[in-house]
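1. The following block contains a protein sequence and its predicted model.
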Amino acid sequence: MKDLERELGVTLFVRGHRKITLTEAGYYLRDRAQEMLDMEERTLTTIQKSQLVMGTLKIGAGQTSAMIRIAKIIDQIAQSQEGTQFELYDGNADDIEEKINNGTLDFGVIMGDRSLDDFESLILPERNEFVAIFNEKLPLAKKEKITPNDLAQYPLITSGQSFVRDKFRNWWGNLYDHTNILAVSNLAYNASFLAIQGHSVQITYDYLYDKKFEHLISRPLSPKVTDPNVVIWKKIDKCLI
């Protein structure tokens, strides 16, 4: 328990002579942990109830750490549904939504604040935080957090999805119309090779930053910008039931 407190940098327990009670931070962590367990159970139940859990289940997803949760669920289904196979498809949200609609994917995991009116959906508790990634030789390396003013002078590498660029309008404020978008990319990994060259800054999710890239570092954005993770599947037309 002390190791957990050191890792989080907070006190979770009040230790008395004969009993241990939770602090406010401890209660918060307990509640969030329970929410995550409940969400995993709900996600598993949602997929298992589908008539699609037979034969091959096709799941599309963007690059997200939320796939750890989905992978656990896939493993549970595989253990309980003998003969079930899975096809995992990598793509951005636009692509995945299209394939859900045309029936070539059964489920998708998408990121971002998107309209979900055309789908059944389940929002996962994990959120994706955007960071700035750049060569360590840039003056930005001296900063703990990166603001819009810090990036105004640099060419930028961003996601190819229009909604991501639109998401940053409020973050940029009056500087938005003066941003210099050097490149857009659907694969953050490939785009990182351009950031390594030392002249541009990549804006992407923090867990997509590969620490094995020599001379490449990351810094959080300020104010913080995050995206939700959402499981989607095709909405059933009630008229056909």
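-> Perfect, thanks for sending it. Numbers count the residues shown, from 1 in each chain.

2. which is the next helix or strand following whichever strand or helix holds residue 166?
-> Secondary structure from DSSP states H and E places residue 166 in helix 162-167. Following helix 162-167 in sequence order, the next helix or strand is helix 169-172 (DSSP H and E).

3. Work out for me the element residue 133 sits within.
-> Using DSSP H and E, residue 133 sits within strand 119-135.

4. who does that strand pair up with?
-> Using DSSP bridges, the strands paired with strand 119-135 are strand 201-205 (antiparallel), strand 216-220 (antiparallel), strand 226-234 (antiparallel).

5. then it to CSV, C-alphas only?
-> Output of strand 119-135 as CSV, limited to C-alpha atoms (Å, rounded to 0.1, in the frame of the first residue of the first chain):
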residue,chain,number,x,y,z
PHE,A,119,-24.4,3.9,-33.5
GLU,A,120,-25.0,2.0,-30.3
SER,A,121,-22.1,3.0,-28.0
LEU,A,122,-20.4,2.5,-24.7
ILE,A,123,-17.9,5.1,-23.3
LEU,A,124,-14.8,3.6,-21.7
PRO,A,125,-13.3,5.2,-18.5
GLU,A,126,-9.8,5.7,-20.0
ARG,A,127,-9.1,9.0,-21.7
ASN,A,128,-6.3,9.9,-24.2
GLU,A,129,-4.1,12.9,-23.4
PHE,A,130,-2.5,14.9,-26.2
VAL,A,131,1.2,15.9,-25.9
ALA,A,132,3.8,17.7,-28.0
ILE,A,133,6.6,15.5,-29.3
PHE,A,134,9.8,17.0,-30.7
ASN,A,135,13.6,16.7,-30.9
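
6. how about the strands paired with strand 119-135, which one is nearest residue 187?
-> With CB to CB as the criterion, residue 187 lies closest to strand 201-205 of the strands paired with strand 119-135, at 9.9 Å. Heads up, the C-betas are built off the backbone N, CA and C, glycines and all.
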